[in-house]
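J.: output the structure for:
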Amino acid sequence: MKYLVMMSGSLPSTGDLRNALVASLGLPRGQIDLHNIEQLCLAAGLLPVDVGSTPHSFAVNGDTFPPYKLHEAARYGVKIADGYLINVEQWLETILQAIDTRMATQGI
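T.: Take a look at the predicted model:
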């Protein structure tokens, strides 16, 4: 997704990516997270109609986290319910298919 954003904005390096997301999403710089899949999808022009709705956040010790934080949970050995993981994996597969389609239509 970062590649799609960079190509569409003719960005020379990933250092310019945060500013591109600020401009395209209209969010303050401090709210931009270069690992936030939802933000990257929107900036790349992949809408919910293309990728489906984002799975609900997951909870750990009363705190909620968005799905893209699963990698951190895994790193710290947090057990996440299998049903939730399957839902997130299906969502990610849909995103990959949308990226493949976008790249094919743009000749990338």
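
J.: so what pLDDT did the closest residue to residue 84 other than its chain neighbours get?
T.: Excluding its sequence neighbours, the residue lying closest to residue 84 (CB to CB, 6 or more residues apart in numbering) is residue 58, at 5.8 Å. Every C-beta, even on glycine, is put in place using the N, C-alpha and C of the backbone. Residue 58 carries a pLDDT value of 87.

J.: for residue 58, list the residues it contacts.
T.: With contacts defined as CB atoms under 8 Å, 6 or more residues apart in numbering, residue 58 is in contact with 64, 65, 67, 69, 70, 73, 80, 81, 84.

J.: ok, now with 7 Å
T.: With contact set as CB atoms under 7 Å, 6 or more residues apart in numbering, residue 58 has these partners: 64, 65, 80, 84.

J.: just checking, the last one is part of a strand?
T.: Translated: residue 84. No - note on residue 84: no strand contains this position according to DSSP: H, G, I helix; E, B strand; the rest coil, which reports helix.

J.: could you check how far it is from residue 91?
T.: Residue 84 sits at a distance of 11 Å from residue 91 (criterion: CB to CB, to the nearest Å).

J.: center of this structure, which residue is that?
T.: Within the chain, one residue has its C-alpha closest to the average C-alpha position: by CA atoms, centre = their mean, that is residue 37, at 0.9 Å.

J.: just to revisit the earlier point, quick check: ChimeraX command selecting the buried ones in the contacts of residue 58.
T.: Selection of the buried residues among those in ChimeraX, burial being defined by 16 or more other CB atoms under 10 Å:
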select :80,84
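
J.: make TSV out of the contacts of residue 58 and add distance to residue 96.
T.: Putting the contacts of residue 58 into TSV (distance: CB to CB, whole Å) gives the following:
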residue	distance to residue 96
64	25
65	22
80	20
84	19
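
J.: tell me how many other residues surround the residue nearest to residue 37 when sequence neighbours are not counted.
T.: In space, not counting the residues next to it along the chain, residue 37 is nearest to residue 68; the distance is 4.6 Å by CB to CB, 6+ apart. Other residues within reach of residue 68, judged by other CB atoms under 10 Å, total 18.
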